[in-house]
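Asks: sequence first, predicted coordinates after that:
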Amino acid sequence: MIIIALIAFAAGILTAFTPCALPILPVVLASGLEKRARTIGTIVGLVTLFVVVTLTLSSIVSLLGVSADSIRNASMVFLLAIGFLLIFPDKWAIIQHAIERRWRIPTLGRGREDFAGGFLTGASLGVVWTPCVGPVVAAVTALTASSETSGAAIIITSAYGLGIGLSLWVIALGGKKILDRFGFVKTKNSHIRQWFGVIIVLTALSILVGLDRSLQTWTLKNLPESWTQAGSFLQDSDLIRDKLDDVRQGSEEKNQSKNGKITEDDLDRGCPRRDCIPSIDNPKFESASSANKWLQDDDIVFGAEHNGVARAYSQRILNWHEIVNDTIGGKPVVITFCPLCGSSVAFDRMVGGKEVEFGVSGYLYNSNLVMYDRDTDSLWQQVGGEAIVGEASERNEILKPFLLTSTSWKQWKSQHPDTQVLSRDTGFTRDYDVYPYGGYEENGAIYFGIQNSDDRLKVKEVVHAFDIEGSFKVYTEEDLKPGTEFEDTIGDHIVQITRGKDGAITALDKQTQVEYVPLRTFWFAWAAFHPNTEIYAEGK
């Protein structure tokens, strides 16, 4: 445990110097211009609430019945109020006097008042700040995801927070010394608190509109990995890697896996808790003409049609939400997309005669999205739609696939001019013009473990994969251009492979007339689950 705590402390120090710390640096640097007590209070508040929220947010969200985004926004509104009170100190004096008189609170000394004010400011930031994903953060989130907060979780998370706090203290003092050299503090001394308030207000507003996430995404995509991934070397040591693996594996939900089809060792934590990536449960739609204002012709959309109702779901939006619970033409369906696997598939939401709603579990299996249902809390694998842990797994439940077309916006709207399009008005603050995973789609990196690898195709080549009674076969984009139609064999089945002008792909069994739906995914993700997959070769 001592070794892991030291690793976490070192990772925290390095985290403060990565782009993920940029959203909080303005307030930290500005606090350095204030009295030392306020600087200390700001950093202590930030670190304390970061640790507390990391350890308990899942329980808080469940207890209060509110989303993590609602807590984030409430904290920023509070931070705005603090900023305005610093800008207009006379108003704060009136409010402070009224509070002290109403509640008979003794007047604090100047140093304690500065510390308390800084603590509240830092605490508001600590609620919303999220560090970059890394090996230590993954271990921390794995620990804190369990229903009970363990001593190990408290020690590791606190060590990580202390490392962050130490670095922020150095940054604040360094910023003050630089400004002192230019005489800024001396010439602007009477207005320092107002300037601090302005910086707080601007920071809170930027976080409320999602600019902090956009900034992090841009830096991760455009800046050198030597900076953005500072600390990644921590996982290169065999000793450190083994220690972190022990932490992650020890935190899995052992009580659920006893009767499931997988063990806790097969699951990875992609994010700390259920609904950490929020599903869209009350989707709004707009016309194709309205969507044309923000969708480009070559943008990827996932199209579905039922009972004369056609709908398109932009990958831009699903990159941030992964799951849409919808009803199309009277049919309850769930639209899913895993950005790490490039896998898009839709399922019927009727399970055992009951309409079920799905969310993001926070788990990954073979680097693939694991969903949970909000009826039995069972875990479901996206690839294949199989229940893998929980009550539904014991019943051997498998979701029925629903045809979902992966195509360009140009192709889909040309064949479905009356299509409805998922609106960006999702109820969440996200920048849907920004891809949240940097250059992930273009590089060969796989963020989480897989059980099988296969180099017959490029790691992230897009394939359309069929599973027909245990026989597996994939086709590349080059094999299936719009308008393509040919006969092929999958296992013992002779099928007619068709790709319509709108991009829809099906395999019709020529003997049984059963129509099969493919899964669109990256090659590595399909091969991880299906190591003996056949690859289509034209003319063979």
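Replies: Nice, thanks for sending it over. Numbering: from 1, shown residues only.

Asks: in this protein, which residue is closest to the centre?
Replies: Closest to where the C-alpha atoms of the chain average out (CA atoms, centre = their mean) is Ile277, at 4.8 Å.

Asks: now that residue: closest residue in space that isn't a chain neighbour?
Replies: Spatially, and ignoring its direct neighbours in sequence, Ile277 is nearest to Val360 (4.3 Å; CB to CB, 6 or more residues apart in numbering). Heads up, the C-betas are built off the backbone N, CA and C, glycines and all.

Asks: Glu391 too?
Replies: Thr376 (4.3 Å).

Asks: contacts only, for Pro417.
Replies: Ala288 (CB atoms under 8 Å, 6 or more residues apart in numbering).

Asks: whoops, Phe358 was the one
Replies: 279, 323, 325, 334, 336, 349, 371-374, 380.

Asks: what of Thr533?
Replies: 454, 465, 472-474, 526-527.

Asks: pLDDT-wise, which helix or strand of this protein ranks last?
Replies: In the chain, the helix or strand scored least confidently by mean pLDDT, DSSP states H and E is helix 254-257, which has a mean of 38.

Asks: report the mean per-residue pLDDT for the helix or strand just after it.
Replies: The element immediately downstream of helix 254-257 (helix or strand, assigned by DSSP states H and E) is strand 267-269. For strand 267-269, mean pLDDT is 81.

Asks: what residues of strand 267-269 count as buried?
Replies: 267-269 (16 or more other CB atoms under 10 Å).

Asks: output these in CSV; the columns should cover distance to Lys354.
Replies: Shown next, in CSV, are these (distance: CB to CB, whole Å):
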residue, distance to Lys354
Leu267, 26
Asp268, 30
Arg269, 29
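
Asks: and which of the residues you listed is nearest Val28?
Replies: Arg269 (28.6 Å; CB to CB).

Asks: thought the closest one was touching Leu364?
Replies: Yes: if you go by CB atoms under 8 Å, Arg269 and Leu364 touch, sitting 7.5 Å apart.

Asks: what number of residues lie near the nearest residue to Ile200 once chain neighbours are set aside?
Replies: For Ile200, ignoring the flanking residues on the chain, the nearest one in space by CB to CB, 6+ apart is Gly83 at 3.5 Å. Gly83 is flanked by 24 other residues according to other CB atoms under 10 Å.

Asks: so how far is Gln496 from Ile505?
Replies: Taking CB to CB, to the nearest Å as the measure, Ile505 falls 12 Å from Gln496.

Asks: looking at those two, which one has more neighbours?
Replies: Ile505 (23 against 14).

Asks: my guess is the more buried one contacts Thr405, does it?
Replies: Yes: in this structure, Ile505 is within contact of Thr405 by CB under 8 Å, at 7.3 Å.

Asks: on contacts alone, who are the packing partners of the host helix or strand of Ile171?
Replies: Mapping Ile171 onto the secondary structure by DSSP H and E places it in helix 151-181. For helix 151-181, the elements it packs on are helix 2-15, helix 25-31, helix 36-64, helix 135-144, helix 184-187, helix 238-250, judged by 3 or more CB pairs under 8 Å, 6 or more residues apart in numbering; DSSP states H and E.

Asks: report the inter-axis angle for that helix versus helix 2-15.
Replies: Angle of helix 151-181 versus helix 2-15, following axes from the mean of the first three to the mean of the last three CA atoms, to 10 degrees, is 30 degrees.

Asks: could you give the separation of helix 151-181 from the chain centroid?
Replies: Averaging C-alpha positions (CA atoms, centre = their mean, to the nearest Å) puts helix 151-181 25 Å from its chain's average.

Asks: use 811 as the first number from now on
Replies: Sure, I'll start counting at 811 from here, so that last one is helix 961-991.

Asks: state the mean pLDDT of it.
Replies: Averaged over helix 961-991, pLDDT sits at 79.

Asks: with stretch 1111-1122 instead?
Replies: pLDDT averaged over stretch 1111-1122 gives 96.

Asks: ok, and what's touching that stretch?
Replies: Under CB under 8 Å, 6+ apart, the answer for stretch 1111-1122 is 1095, 1101, 1105, 1123-1125, 1128, 1136, 1138-1141, 1143, 1145, 1147, 1154, 1156, 1212-1219, 1222-1223, 1226, 1228-1232, 1312-1314.
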